[in-house]
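> Sequence plus predicted model, see below.
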Amino acid sequence: MKYLILVGDGMGDFPLDELGGRTPLEVAATPTIDELCRNGEFFLNHTVPDGYPPGSDVANLSLLGYAPERFYTGRAPLEAAAMNIRLADDETAFRCNFVTLDRPDDNHVTMVDFAAGHISTVEGHELIAALERECADDTFHFHPGVSYRNLVVVRGAYPDLATVPPHDWIDKDVTAHWQRYLGDQKWRNLLLRVSATLAAHPVNRQRIRDGKNPANAVWLWGEGKMPTAPTLQDRYHIRGSMISAVDLLKGLGVIAGLTVVNVPGATGYLDTNYEGKAQAAIAALASGQDFVFVHLEAPDEAGHQGSASAKIQAIQDFDHRIVGPIIDALRAAGTEFRVVVTMDHFTPISLRTHTSDPVPALLYDSRETQPKSGRRFTEKECLLHDQQHNNSLSGAEIFMDKLFCR
């Protein structure tokens, strides 16, 4: 028996006037996912416990069966795990976004772009190398990630900053948050040196000439210490792989004891290597592994951009280029499997950030021959189904127990 969790990050949404009162998931053509849903179980899953931020860190931790109440220590340390960064006891990891700020002065700061125009990984690595060379010291060190997603490791105590995710503040005034960093002299000096270095760098000068948003600042958030947790092999006696473009999910894979597959051309956006991800999942299962977790970031990024058309495209690509090929390959090989198709959280176009709404999830078992839910995979259909059957799940362990028939 093979087990799969296929995640379209941030696919959930609210009805939009521009789509005639429908969500992107309702508009998108998703024939494979809908077929699995009609012939499988359909339920709501509470991936974000009360009192926790509705981020991909908390929600995907839940999808892997780790209760955030027990295992969540912050987003950045998970990304550190993916980057093979070992945090000492006196070190804390911070997520370090390249961002575009409108900052005429430190008393007027607006978050223009939380991803600096989705700066390329090559450009990002050049900028991080410059920051490490010119701004690092005994307290701060910079580590390159993917695109705008990087890390800063801080040694020793740090001020109580009450950091916020930049994607929650798109086109909003972030002066108060910016000034929290500036309230500590050491952090103030760091950020002012960083801004000066970025302003002078050839990468940003070229981006401005090309009409692109420059990476004119860094935004530090998601701080935490390294978590410890039992592996999935210890808990469920399975071996598996994590397939994702983003370091957060790769870090979760490391914590869970999964093989982290680095797919060439996987970007975390619409231009990602869909076919490479699907083939990596097929190859992992064919090699004797029991489990794969495949994550697609693109719907979430489209939600943050506020683009309904991009989100619809991302959802359709998820169905046509990831879910469809994987399911077709398993069926062609005569492989028995149980698959969950779901999302980690909602990223509504109207809000351009995450919400903690319970998420639709389907569970399909290839051995079942009788249709079950009979419904399309949409938010509205799942809510109606749940109202009729009252089968929503609350609890990370319960979700994984359901997948593994425990």
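Nice, I can see it. Numbers count the residues shown, from 1 in each chain.
> Low-confidence ranges, this structure, go.
For the chain, applying pLDDT under 70 flags the ranges 371.
> Scan it for its longest strand.
Scanning the chain for the longest strand, with DSSP state E as the assignment, gives strand 91-105.
> Convert the C-alpha atoms of that strand to CSV, please.
C-alpha atoms of strand 91-105 as CSV (Å, rounded to 0.1, in the frame of the first residue of the first chain):
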residue,chain,number,x,y,z
GLU,A,91,21.1,30.9,18.5
THR,A,92,17.7,31.9,17.0
ALA,A,93,16.8,31.7,13.3
PHE,A,94,14.7,34.5,11.7
ARG,A,95,13.1,34.3,8.3
CYS,A,96,14.7,37.0,6.2
ASN,A,97,12.5,38.2,3.3
PHE,A,98,13.8,40.4,0.6
VAL,A,99,11.1,43.1,0.4
THR,A,100,10.3,46.3,-1.4
LEU,A,101,9.6,49.1,1.0
ASP,A,102,8.4,52.6,0.2
ARG,A,103,10.5,54.4,2.9
PRO,A,104,11.0,58.1,2.4
ASP,A,105,12.1,58.1,6.0
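> List the buried residues for that strand?
Glu91, Thr92, Ala93, Phe94, Arg95, Cys96, Asn97, Phe98, Val99, Thr100, Leu101, Arg103 (16 or more other CB atoms under 10 Å). The way it works is simple: take the backbone N, C-alpha and C, and place the C-beta from them, glycine included.
> before we move on, what about stretch 102-120?
Those would be Arg103, Val109, Thr110, Met111, Val112, Asp113, Phe114, Ala115, Ala116, Gly117, His118, Ile119, for stretch 102-120 by 16+ other CB under 10 Å.
> go on, stretch 61-72?
Under 16+ other CB under 10 Å, the buried positions of stretch 61-72 are Leu61, Ser62, Leu63, Leu64, Gly65, Tyr66, Pro68, Phe71, Tyr72.
> coming back round to it: which strands and helices sit next to the longest strand of the chain?
When contacts are defined as 3 or more CB pairs under 8 Å, 6 or more residues apart in numbering; DSSP states H and E, strand 91-105 packs onto helix 76-82, strand 108-113, strand 149-155, strand 217-224.
> As TSV, these with distance to Asp401 would be great.
Output for the helices and strands packed on strand 91-105, formatted as TSV (distance: least, CB to CB, whole Å):
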stretch	distance to Asp401
helix 76-82	23
strand 108-113	40
strand 149-155	32
strand 217-224	27
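> hey, which of the ones you listed is tucked in deepest?
Each of these was scored by mean neighbour count; the highest is helix 76-82, a mean of 27, by mean count of other CB atoms under 10 Å.
> Dump the C-alpha coordinates for that helix into CSV.
In CSV, the C-alpha atoms belonging to helix 76-82 read as follows (Å, rounded to 0.1, in the frame of the first residue of the first chain):
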residue,chain,number,x,y,z
ALA,A,76,12.5,30.0,10.6
PRO,A,77,14.0,27.0,12.4
LEU,A,78,12.2,24.7,10.1
GLU,A,79,13.8,26.4,7.1
ALA,A,80,17.1,26.3,8.9
ALA,A,81,16.7,22.5,9.1
ALA,A,82,16.2,22.4,5.3
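> returning to what we had before: just the buried residues of stretch 102-120 now: which is nearest Asn213?
Sorting the buried residues of stretch 102-120 by distance to Asn213 puts Gly117 at the head of the list, at 3.6 Å, by CB to CB.
> got a list of what that closest one touches?
For Gly117, the contacting residues are Thr100, Arg207, Lys212, Asn213, Pro214, Ala215, by CB atoms under 8 Å, 6 or more residues apart in numbering.
> Ala361 now?
Phe42, Phe43, Leu44, Asn45, Val340, Val341, Thr342, Cys382, Leu393, Phe399.
> Nearest to Ala176 among the contacts of Gly117?
Thr100 (18.7 Å).
> For that closest one, list each beta-bridge partner.
Beta-bridge partners recorded for Thr100 (DSSP bridges): Asp113.
> give me the number of residues near Ala157?
If you count neighbours by other CB atoms under 10 Å, Ala157 ends up with 8.
> could you check the distance from the residue most central in space within the chain over to Lys212?
In the chain, the centroid-proximal residue (CA atoms, centre = their mean) is Ser56; its distance is 4.6 Å. Ser56 sits 25 Å away from Lys212, going by CB to CB, to the nearest Å.
> Much appreciated, bye for now.
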